[in-house]
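Colleague: after the sequence you'll find the predicted model.
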Amino acid sequence: MKDDVTPARAGDSGGRWAPGTHILWRYRENGGTGVHICRPVTVVRDTAELLAVWMAPGTPCVRPVLADGTPVHREPLVTRYRKPRTVCTVPWAGTGLLKLARPGDPWSVWLFWEQGWRFKNWYVNLEEPRLRWSGGVDSEDHFLDISVLPDRSWSWLDEDEFEAAQTAGLMGREKAAAVREAGRAALELITEWGPPFSGGWEDFRPDPSWTIPSLPDDWGRAPGGAAP
């Protein structure tokens, strides 16, 4: 992973990652402290208003699986969040993924494309506001999501998982209410077509000189060093 960052600028709380820098986008375990999702990504833009990163096809990613190796999504919801888990490393399948996050927002916005760069949809991933550290950003997924189609119509996603996580004790009533409220705030932004939806990111294309980031051996380390 590339640890170089641009020097701090006047008015910044620290430096910013330069385009092309490799960082880690990670998620902590729900109800735990360890990292169970880790995605090496390439910085597209990093400003005080927005962090944009690109995850290329074939990127080696860490993801959770059940202790016996069963993919999480294949386990029935009634037991999905109750069985022991471990992690595995697999390459990101399909086309690449662009992630956009504004500081403080309890969600990030992901963009998906079909083959041939036909834009597919925006995806609002409800999550903890990201913690910046020297090697990347950390968050915690909140199960509930929103899909936004090119015609700007939207729909809730994974409401069954959201309910199952609460039943399993991974999210209390107050937290669940706050997540749902965050989703409604995201819907207001979608209705207004505010940033980052209005930024024309569906026309994004990665720099052809960018390489696929590697997964460092210490991908699960505790955040260390000052955030740039």
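Modeller: Structure received.

Colleague: what mean pLDDT does the longest strand seen in the chain have?
Modeller: Counting residues, the longest strand in the chain under DSSP state E turns out to be strand 35-46. Averaged across strand 35-46, pLDDT comes to 98.

Colleague: from the contact counts, what lies against it?
Modeller: strand 22-28, strand 51-55, strand 60-66 (3 or more C-beta pairs under 8 Å, 6 or more residues apart in numbering; DSSP states H and E). In short, each C-beta sits where N, CA and C put it, glycine included.

Colleague: how about these in a markdown table, adding mean neighbour count and mean pLDDT?
Modeller: Below are these laid out as a markdown table (neighbours: other C-beta atoms under 10 Å; pLDDT from 0 to 100):
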| stretch | mean neighbour count | mean pLDDT |
| --- | --- | --- |
| strand 22-28 | 23 | 98 |
| strand 51-55 | 23 | 98 |
| strand 60-66 | 17 | 97 |
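
Colleague: and those as a markdown table, adding distance to E140?
Modeller: Output for those, formatted as a markdown table (distance: least, C-beta to C-beta, whole Å):
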| stretch | distance to E140 |
| --- | --- |
| strand 22-28 | 5 |
| strand 51-55 | 17 |
| strand 60-66 | 13 |
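
Colleague: looking at those, which is nearest to D105?
Modeller: Closest to D105 of the helices and strands packed on strand 35-46 is strand 51-55 (C-beta to C-beta; 10.5 Å).

Colleague: strands along this structure, start to end?
Modeller: Here the chain has its strands, by DSSP E, at 22-28, 35-46, 51-55, 60-66, 85-91, 97-101, 107-114, 118-127, 131-133, 136-139, 141-148, 154-157.

Colleague: what sits against L170?
Modeller: With contact taken as C-beta atoms under 8 Å, 6 or more residues apart in numbering, L170 is in contact with N30, G31, Y81.

Colleague: put the buried members of these into a ChimeraX selection.
Modeller: Restricted to buried positions by 16 or more other C-beta atoms under 10 Å, the ChimeraX selection for those reads:
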select :30,81
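
Colleague: take the contacts of L170 and lay them out in a markdown table including distance to D151.
Modeller: Putting the contacts of L170 into a markdown table (distance: C-beta to C-beta, whole Å) gives the following:
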| residue | distance to D151 |
| --- | --- |
| N30 | 33 |
| G31 | 37 |
| Y81 | 34 |
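
Colleague: which one among the contacts of L170 sits at the bottom for pLDDT?
Modeller: Pick the lowest pLDDT in these and you get G31, at 85.

Colleague: that residue touches G169, doesn't it?
Modeller: Yes - G31 is within contact range of G169, at 7.3 Å (criterion: C-beta atoms under 8 Å).

Colleague: on that earlier part again, turn the strands of the chain into a markdown table, columns for distance to F204.
Modeller: Formatted as a markdown table, the strands of the chain follow (distance: least, C-beta to C-beta, whole Å):
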| stretch | distance to F204 |
| --- | --- |
| strand 22-28 | 17 |
| strand 35-46 | 7 |
| strand 51-55 | 8 |
| strand 60-66 | 20 |
| strand 85-91 | 21 |
| strand 97-101 | 6 |
| strand 107-114 | 7 |
| strand 118-127 | 10 |
| strand 131-133 | 22 |
| strand 136-139 | 19 |
| strand 141-148 | 16 |
| strand 154-157 | 21 |
